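**Student:** Provided below for reference: sequence and predicted model.
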Amino acid sequence: MWYCLAYDRGLSFPKNKHGNDNLEQQAQALFKAWFVDFEPFRDGEFVNSVLGSTPKELPITYIENIPHNIESGKRPKGGATLIGVPSIGAENIKGLGYYDYSKTKYIPEEYAQTIKKGKINGYELLIYKDGGKPGYFIPNFTIFGEGFPFNEMYINEHVFLLDLMDCGYNVFAYFYMQTPYIMNQLNSIGGKAAIPGINTKDVECLPIYSNESPYVKKFGEIVLPFIKTILSNSLENAKQAKVRDTLLPKLMSGELKINEIETEK
């Protein structure tokens, strides 16, 4: 095991990564079947809507018209610090189970206690808010939780936290936001700004399938455990990576022998 970890970083923790990929693919397949191909509704009535021809049984609302909270964070004057409470930036909004710990920035603990917005409690939808080249904006999303990537963390001013007041609905929104209509909307709006990005109103004006739909609720019930497993696996991967990165230099230098690791175990 340690031989593989020492000599092939790219193959580290394949079981967890494969499991995560498989779970997300299952969730994507279910979402496509129900909310893109409309398989459960094929024999029902369809209506013209802002999203095209959609099932009458699948009502559409707007984020601004449903219970929700959307907020961004901030950093103190002078910017981030080297220690303190993790401050999550847009560079780490890259999809489920992804986090680059080498890019972590921090805010002072005392400062974190004074800010009223931007705290990640877990299972909110995180949205890439702004940044990038002029005229070019590609939205990205993620969900954190289960201690991944940190137990306590805040977003900075380049990230939106959107909470639809229901973890299952937030999970539904994660997949829904990546549909072509929503991606094109955000891409078009965000690319027009001098500094590419979107604002609160841009998000609140987006249409979304109502959580009153039994299928939307059922999707959340089915997929939420998948997301919990993905996040738990990602946390375990991070812990193993930390151990690996601590031991690898000692192994390479000869300071630590493999049989010593086995003895400690």
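**Tutor:** Looks like it arrived, so ask away. Residues are numbered from 1 along each chain as shown.

**Student:** from here on, contacts and neighbour counts on C-alpha atoms
**Tutor:** Noted.

**Student:** which stretches in the chain count as strands?
**Tutor:** Secondary structure of the chain, counting by DSSP state E: strands at 46-49, 52-55, 60-62, 69-72, 85-88, 105-107, 125-128, 141-142, 154-155, 159-163, 207-209.

**Student:** and of those, who's closest to Ile230?
**Tutor:** Among those, strand 141-142 comes nearest to Ile230, with 11.8 Å by CA to CA.

**Student:** for stretch 126-143, give me every contacting residue.
**Tutor:** Residues from elsewhere that reach stretch 126-143 (CA atoms under 8 Å, 6 or more residues apart in numbering): 90, 93-96, 122-125, 158-162, 171, 174, 183, 186-188, 190-199.

**Student:** rerun that using 6 Å as the cut-off
**Tutor:** Under the contact criterion CA atoms under 6 Å, 6 or more residues apart in numbering, stretch 126-143 has outside partners 90, 93-96, 123, 125, 158-161, 187, 190-192, 196-198.

**Student:** could you do stretch 145-152 as well?
**Tutor:** For stretch 145-152, contacts defined as CA under 6 Å, 6+ apart pick out Gly122, Tyr123, Ser232, Leu235.

**Student:** try it again with 8 Å
**Tutor:** 85-86, 99, 119-123, 228, 231-232, 234-235, 238.

**Student:** give the buried residues for it.
**Tutor:** For stretch 145-152, the neighbour count (16 or more other CA atoms under 10 Å) marks Gly145, Glu146, Gly147, Phe148, Pro149 as buried.

**Student:** returning to that earlier point: tell me which of the strands of the chain sits nearest to Gly19.
**Tutor:** Evaluated over the strands of the chain, closeness to Gly19 peaks at strand 141-142, with 17.7 Å, by CA to CA.

**Student:** tell me how far that closest one lies from the chain's centre.
**Tutor:** In terms of CA atoms, centre = their mean, to the nearest Å, the centre of strand 141-142 is set 3 Å apart from its chain centre.

**Student:** mind listing what it pairs with, with the direction of each?
**Tutor:** Strand 141-142 has the following strand partners under DSSP bridges: strand 125-128 (antiparallel).
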